[in-house]
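>>> model this:
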Amino acid sequence: MRENGKIYVAGHRGMVGSAIVKTLEQQGFRNFVTCTSAELDLRNQQAVFDFFLSEKPDYVFLAAAKVGGIVANNTYRAEFIYDNITLQNNVIHAAYLNKVEKLMFLGSSCIYPKMASQPMSEDSLLTGVLEPTNEPYAIAKIAGIKMCEAYRDQYNCNFISVMPTNLYGTNDNYDLQNSHVLPAMIRKFHEAKIEGRNQVEIWGTGAPKREFLHADDMADACVFLMKTYNGKQFLNIGTGEDISIKDVALLVKKIVGFEGDLFFDVSKPDGTPRKLMNVNQLHALGWKHTIELETGIAMAYEDFLANRVRKM
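Sure, this is the predicted structure:
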């Protein structure tokens, strides 16, 4: 990446997009173009094409997406597949039409089959049935990967894709209906502590295992790969370490300072039994995470207290 190149971060107000902007700024990049969703609806093809024609970005981080946890994914199935496919189609095609030097598409670990071998390696894609609760979102992300590959094959575009594991951190979404598991836990335990409750409900059995990566590490990996990686193969981004939902709940409980008990509602879905990323390819390129989970959750809780509590 040229330091004076114009960079468009789609989704710059989101958790990952804002972390990417922060990381780029820390590394000396200053030439940004950004638009809020109110200013530019990425589902509007003409608006996206006009934006790219006018701004002519050199580099694009496609971090914009409609995202959510199990409840949101399973409730708004049509919106998750339509919104995500539409916005990514528009941005990727506009990048090709306007000769963007390099584009990075951010996907999700949910692209892998529900019963994929663990840890999940990049060659597990399309080898089995997806987790039903987030299938529409997963299909949209798979389409994005394949679109980047197709534009590389046919038009020689330097479009790369990365698949992050479960993310958390500064600027996260703490809405109980639409958030992912870790930020939802932070809010639940905080509210239970403030209200003096003696119990917090956790969905499912607590047995499923998940991997968590702080958004600052994710951003660092994205910028690293944008600078150094030009391959067709999409790459997993994660820690290569996982933890049970029960154990992460106990960790959040400790950090928040909640003194009550946990209640596991086994009538609620567990989702995929295990989701651990194989990050051997990423490690071989020279990148590894630096923020360990307990430290990262403490950072996230500080951000929650400072920036989120007053908005609820």
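>>> and the closest residue to residue 27 other than its chain neighbours, what element?
Excluding its sequence neighbours, the residue lying closest to residue 27 (Cβ to Cβ, 6 or more residues apart in numbering) is residue 223, at 6.5 Å. C-betas here are computed from N, CA, C, even on glycine. Residue 223 belongs to helix 215-228 when assigned by DSSP states H and E.
>>> who touches the helix or strand of the chain with the lowest mean pLDDT?
Every helix and strand in the chain was compared by mean pLDDT, DSSP states H and E; the lowest is helix 70-75, with a mean of 74. Helix 70-75 has contacts (Cβ atoms under 8 Å, 6 or more residues apart in numbering) with 80, 133, 134, 136, 137, 177, 178, 203, 269, 271.
>>> ignoring the adjacent residues along the chain, who's closest to the third one?
Computed as Cβ to Cβ, 6+ apart, the closest residue to residue 134 that is not its neighbour in sequence is residue 73, at 4.1 Å.
>>> do you know how far that neighbour is from residue 59?
30 Å (Cβ to Cβ, to the nearest Å).
>>> the stretch 151-300 of the chain: strands as residue ranges?
159-164, 166-168, 199-203, 209-210, 212-214, 235-237, 243-244, 261-265, 274-275 (DSSP state E, counting those that start in this stretch).
>>> residue contacts, the residue lying closest to residue 52 once chain neighbours are set aside?
Leaving aside its sequence neighbours, residue 52 sits nearest to residue 94 (Cβ to Cβ, 6+ apart; 4.0 Å). Contact analysis of residue 94 by Cβ under 8 Å, 6+ apart lists 48, 49, 51, 52.
>>> for the chain, give me the ranges with low pLDDT.
178, 309-312 (pLDDT under 70).
>>> hmm, try it at 80
For the chain, the stretches with pLDDT under 80 are 67-74, 176-179, 271-272, 308-312.
>>> any idea how far residue 290 is from residue 203?
Computed with Cβ to Cβ, the distance linking residue 203 and residue 290 is 30 Å.
>>> er, residue 138 actually
On the measure of Cβ to Cβ, residue 138 and residue 290 end up 29 Å apart.
>>> again with residue 185
Remark: distance between residue 185 and residue 290 (Cβ to Cβ) = 23 Å.
>>> so between those two, which is more surrounded?
The residue with more neighbours, out of residue 185 and residue 290, is residue 185; 23 against 12, by other Cβ atoms under 10 Å.
>>> quick check: chain neighbours aside, which residue is closest to that one?
Residue 185 sits nearest to residue 252 (Cβ to Cβ, 6+ apart), 4.6 Å away.
>>> next one: residue 179
Residue 179 sits nearest to residue 173 (Cβ to Cβ, 6+ apart), 4.7 Å away.
>>> got it, and residue 128?
Of all residues not flanking residue 128 in the chain, residue 113 sits nearest, at 3.0 Å (Cβ to Cβ, 6+ apart).
>>> which residues touch the one you found?
Taking Cβ under 8 Å, 6+ apart, we find residue 113 in contact with 124, 127, 128, 129, 130.
>>> repeat for residue 80
So residue 80 contacts 66, 68, 72, 73, 134, 136, 137, 140 (Cβ under 8 Å, 6+ apart).
>>> equivalent analysis for residue 229, please.
By Cβ under 8 Å, 6+ apart, the neighbours of residue 229 are 160, 235, 285.
>>> so it versus residue 91, what's the distance?
Residue 229 sits 20 Å away from residue 91, going by Cβ to Cβ.
>>> got it, and residue 13?
Residue 13 is 16 Å from residue 91, where distance means Cβ to Cβ.
>>> neighbour count winner among those two?
Neighbours were counted for residue 13 and for residue 91 using other Cβ under 10 Å; residue 91 has more, 23 against 15.
>>> that one: what secondary structure?
Taken by DSSP: H, G, I helix; E, B strand; the rest coil, the conformation at residue 91 corresponds to helix.
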